[in-house]
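Q: here's a sequence, model it:
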Amino acid sequence: MFNVRVPLLYGNPYNNKRGAKQKLVIVLSQRRSYMVLHISHVSGKFFVIQVIFIIVNYETLICHEFFNSPPQLMKNIVLICLFITIIFYGIVAASLYKTSLSLSTATVSLADSLLPQKDAIKTIPRIAASLSFTPATILQGDPFLVFVDGNVGISFIKKLSFDGKKIGVFMYQNKPTALVGIDLNKKPGSYELAAEFSDGDIIRQSVVVGAREKIETPLGIPEKLGGNTKASQDELVATLNEDNKSLAGIPTEDKALWTDPFIPPLEKIFVTAPYGNSRKTGAYSISHMGADYRAFGGTEVMAVNRGVVRVTQTFRNHGETIVIDHGQGVMSYYLHLSKINVKVGDVVERGQAIGLSGATGYTFGAHLHLSMRINDVSVDPVKFLKLFQ
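A: Prediction:
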């Protein structure tokens, strides 16, 4: 139903009271078409006409109720009202359409203004990021931590690499972080650290690796392994190579299995033989690829962090050995144990007792040998643990 307010063209011949309603039925042709109108008298100047129902038909009879005006006059009034109604709603529809177009144009203009322009995309980086690392001074055999600064999530980092090799990224202290190990025999110099992001941006940082002082100390062979003979020396070197090969390439989880900092494997820490020293055994110089900690036989040894046990095995030179995978190539090695309290596949928690210290393998007395590897690169365990203090 729609309304139209029109001027009174013929005065007020009906003498209706204000607001009175009359009903008019008009048959427009000789077939079945009629409309029903309500005409309300508002004042002496205006009528309000409500078109209630229209059926297209053809009849030419005009009838009315409560009116005494000539049928032709009523027909003209109705036709004029219909004409004015059509024009009125045409104007309203056109106005609404024009307004909607204006709003649409304004919305598109606003959206365009909020989008970065092509030139801006080329000149302004989408990700404000930078690389940092610790410690500031890095030597052969050292581990270091890499941080991607600038409120950047891991999902935006397509690749992080050092010296052209991809390194794993994990969240640590609310920052994308990576662990890198420098081989003890890596040539000193400057190497590239690079981060590539999902939008194509690449940032680079130079890392200078310095030379480590390598101290040579004499070390004989215990009687249980043949004593200080040429044959024992040859066998020691050959079996050490075999042991090390069997402990290389151990499967690792793709993701870091830990979130808390690494901790020492013993309650009381005292280093008796540091990482990186060369041990002179007859004609051979054997690099010490771990740190020896003072530990009386039977001292409880703890996991340095959460991980999965990958190896529980007895080796000729390493003795009773446990290897724990902490994910993304980070492995901890516990050598010369007297007892192993875990089995392969066990998930161990940080600080969990995994065995007891001992004097098995190539050793002159009870102690704990701890090695740390990052992607099969053996690094200084003392400096590794210091990264998380």
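
Q: any stretches of the stretch 101-250 of the chain with poor pLDDT?
A: Applying pLDDT under 70 to the stretch 101-250 of the chain picks out residues 101-127.

Q: for it, just list every one of the helices.
A: For the stretch 101-250 of the chain, helices defined by DSSP state H, counting those that start in this stretch occupy the ranges 118-123, 230-246.

Q: out of the ones you listed, deepest packed?
A: Highest mean neighbour count among the helices of the stretch 101-250 of the chain (mean count of other CB atoms under 10 Å): helix 230-246, with a mean of 14. C-beta: built from backbone N, CA, C; applies to glycine.

Q: for that one, packing partners?
A: strand 278-281, strand 284-287 (3 or more CB pairs under 8 Å, 6 or more residues apart in numbering; DSSP states H and E).

Q: coming back round to it: can you lay out the helices of the stretch 101-250 of the chain as JSON lines showing distance to Y333?
A: Formatted as JSON lines, these follow (distance: least, CB to CB, whole Å):
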{"stretch": "helix 118-123", "distance to Y333": "49"}
{"stretch": "helix 230-246", "distance to Y333": "10"}
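
Q: which among these is found nearest to F162?
A: Distances from F162 to each of the helices of the stretch 101-250 of the chain were compared using CB to CB; the minimum, 23.1 Å, belongs to helix 230-246.

Q: elements contacting the helix or strand that the closest one is followed by?
A: Following helix 230-246 in sequence order, the next helix or strand is strand 271-273 (DSSP states H and E). The contact analysis (3+ CB pairs under 8 Å, 6+ apart) places strand 271-273 against strand 291-294.

Q: what is the mean pLDDT for the strand or helix carrying S332?
A: Per DSSP H and E: S332 is located in strand 330-340. In this model, strand 330-340 has an average pLDDT of 98.

Q: got the angle between that strand and helix 230-246?
A: Counting by axes from the mean of the first three to the mean of the last three CA atoms, to 10 degrees, strand 330-340 lies at 120 degrees to helix 230-246.

Q: by contact count, what packs against strand 330-340?
A: Using 3+ CB pairs under 8 Å, 6+ apart: strand 330-340 touches strand 307-315, strand 319-325, strand 353-357, strand 367-374.

Q: and it with strand 353-357, angle?
A: Using the same axes, to 10 degrees: strand 330-340 against strand 353-357 is 60 degrees.

Q: note down every partner strand of strand 330-340 and its orientation.
A: Here strand 330-340 is paired, per DSSP bridges, with strand 319-325 (antiparallel), strand 353-357 (antiparallel), strand 367-374 (antiparallel).

Q: so which bits of it are buried?
A: Within strand 330-340, the residues that count as buried by 16 or more other CB atoms under 10 Å are V330, M331, S332, Y333, Y334, L335, H336, L337, S338, I340.

Q: OK, contacts around the first one?
A: The one in question is V330. L179, T252, A256, M372, R373, I374 (CB atoms under 8 Å, 6 or more residues apart in numbering).

Q: got a winner among those residues for most neighbours?
A: Neighbour tally across the contacts of V330 (other CB atoms under 10 Å): the maximum, 27 neighbours, falls on M372.

Q: wait, that residue sits on V382?
A: No. Contact criterion CB atoms under 8 Å: M372 and V382 do not qualify, at 9.3 Å.

Q: let me have the buried residues of strand 330-340 in a markdown table, extended by distance to F133.
A: Putting the buried residues of strand 330-340 into a markdown table (distance: CB to CB, whole Å) gives the following:
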| residue | distance to F133 |
| --- | --- |
| V330 | 17 |
| M331 | 21 |
| S332 | 22 |
| Y333 | 25 |
| Y334 | 28 |
| L335 | 29 |
| H336 | 33 |
| L337 | 34 |
| S338 | 39 |
| I340 | 36 |
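
Q: among the residues you listed, which one sits closest to R212?
A: Distances from R212 to the buried residues of strand 330-340, taken by CB to CB, are shortest for Y333, at 20.2 Å.

Q: how about the closest one, what does it touch?
A: L247, G290, T321, I322, V323, H369, L370, S371, M372, R373.

Q: thinking again about what came up before, output the strands paired with strand 330-340 in a markdown table; the columns should cover distance to E216 and mean pLDDT.
A: Formatted as a markdown table, the strands paired with strand 330-340 follow (distance: least, CB to CB, whole Å; pLDDT from 0 to 100):
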| stretch | distance to E216 | mean pLDDT |
| --- | --- | --- |
| strand 319-325 | 24 | 98 |
| strand 353-357 | 27 | 98 |
| strand 367-374 | 19 | 98 |
